[in-house]
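In: Could you look at this predicted model? Sequence included:
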Amino acid sequence: MLQSDNAGFDTLHSYFLDRLVPVCAQLLEAAAAAGEIRSDLEAYELMRGVGNLCIGAESDSRYDARRLVDVLVAGLRRSN
């Protein structure tokens, strides 16, 4: 398991930020432009939130991270 004090973790983390945040931003912008989701969320915020929801999920059978991510994503949808 990678730890935050591990140089490999830092490299991987930077890679994800450099590669995935811009792609996530494009997806959020397109969905907002189509009127599918609210437009007031930054890509980094969403990715950090999803990541934090998933921490420890593999070690606690009572916690369903996928369900919580579904709730988070449902909250992005625009209400009419």
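Out: Yep, it's here.
In: in the helix or strand hosting Phe16, what counts as buried?
Out: Element membership of Phe16 [criterion: DSSP states H and E] is helix 7-33. By neighbour count on 16 or more other CB atoms under 10 Å, the buried set for helix 7-33 is Val21, Cys24, Ala25, Leu28, Ala31, Ala32. C-beta coordinates here come from the backbone N, C-alpha and C atoms, glycine included.
In: now swap in stretch 42-57 and tell me
Out: By neighbour count with 16+ other CB under 10 Å, stretch 42-57 contains the buried residues Ala43, Leu46, Met47, Leu53.
In: And for stretch 62-70?
Out: Those would be Ala65, Leu68, Val69, for stretch 62-70 by 16+ other CB under 10 Å.
In: got the contact list for the spatially most central residue of the chain?
Out: In the chain, the centroid-proximal residue (CA atoms, centre = their mean) is Met47; its distance is 2.3 Å. By CB atoms under 8 Å, 6 or more residues apart in numbering, the residues touching Met47 are Leu20, Val21, Cys24.
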